[in-house]
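Visitor: Pasted the sequence and its predicted model underneath.
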Amino acid sequence: MAAYYWVDTVARGGIPSTALHGGVDIDGHQIYVGRAFHDGDWIPAKVIPGKQVAYVAYGGDEIAVDHFQVLCEQRFDWVPSGGGHIPPGAVEGGRTSDGEPLYIGRTHHEGSLTVGKVHPSHGVLYIPFDGKEIPSPHYEILVLRP
């Protein structure tokens, strides 16, 4: 059996019980790890089942998406990182349209622990937050447990 897998879902469809918990929104809603296809890119997403929505950070904005995938299984660790560094075993959460891998990261921001995309060539984690794409040079990155 694979160490992890992605499950297709929709905003009002609920999520599997094996979905990977990623954090907590500022209003207390649970955030799960996901990804979505947007404008030619597969982008790591924050999935908020309690609000029946997922968000990606793209082009300076927080974009709501209705169709997405959630990451399932629990064989992961969050490792402190920053500056675009990608540790061994980092989980690829998507790719840009030109083929650059995007990784799954999270950071604390305004009282939340929020999931986003680590964009190595930009040297930051981008989180979708309050309608914007917010960069953070310090973050945790998701790695597959050996």
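Guide: Done, it's in. Residues are numbered from 1 along each chain as shown.
Visitor: what sits against Val56?
Guide: Shown in contact with Val56 (C-beta atoms under 8 Å, 6 or more residues apart in numbering): Ala36, His38, Ile43, Pro44, Ala45, Glu62, Ile63, Val65, Lys117, Pro128. C-betas here are computed from N, CA, C, even on glycine.
Visitor: Now which of these would you call buried?
Guide: Ala36, His38, Ile43, Pro44, Ala45, Glu62, Ile63, Val65, Lys117, Pro128 (16 or more other C-beta atoms under 10 Å).
Visitor: returning to that earlier point: mind checking which of the contacts of Val56 are in strands?
Guide: Mapping the contacts of Val56 onto strands (DSSP state E) picks out Ala36, His38, Ile43, Pro44, Ala45, Glu62, Ile63, Val65, Lys117, Pro128.
Visitor: re the thing from before, redo the buried ones among the contacts of Val56 as JSON lines? Include pLDDT and distance to Gln52.
Guide: Formatted as JSON lines, the buried ones among the contacts of Val56 follow (pLDDT from 0 to 100; distance: C-beta to C-beta, whole Å):
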{"residue": "Ala36", "pLDDT": "97", "distance to Gln52": "14"}
{"residue": "His38", "pLDDT": "96", "distance to Gln52": "18"}
{"residue": "Ile43", "pLDDT": "97", "distance to Gln52": "19"}
{"residue": "Pro44", "pLDDT": "97", "distance to Gln52": "19"}
{"residue": "Ala45", "pLDDT": "97", "distance to Gln52": "14"}
{"residue": "Glu62", "pLDDT": "97", "distance to Gln52": "16"}
{"residue": "Ile63", "pLDDT": "97", "distance to Gln52": "16"}
{"residue": "Val65", "pLDDT": "96", "distance to Gln52": "12"}
{"residue": "Lys117", "pLDDT": "98", "distance to Gln52": "22"}
{"residue": "Pro128", "pLDDT": "97", "distance to Gln52": "16"}
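Visitor: which residue sits closest to Pro44, ignoring its sequence neighbours?
Guide: Once flanking residues are discounted, Pro44 sits nearest to Gly93: 3.5 Å by C-beta to C-beta, 6 or more residues apart in numbering.
Visitor: what ranges do the strands span in this structure?
Guide: Counting by DSSP E, the strands of the chain are 5-10, 21-24, 30-38, 41-48, 53-58, 61-65, 67-72, 76-82, 92-95, 101-109, 112-119, 124-129, 132-136, 138-144.
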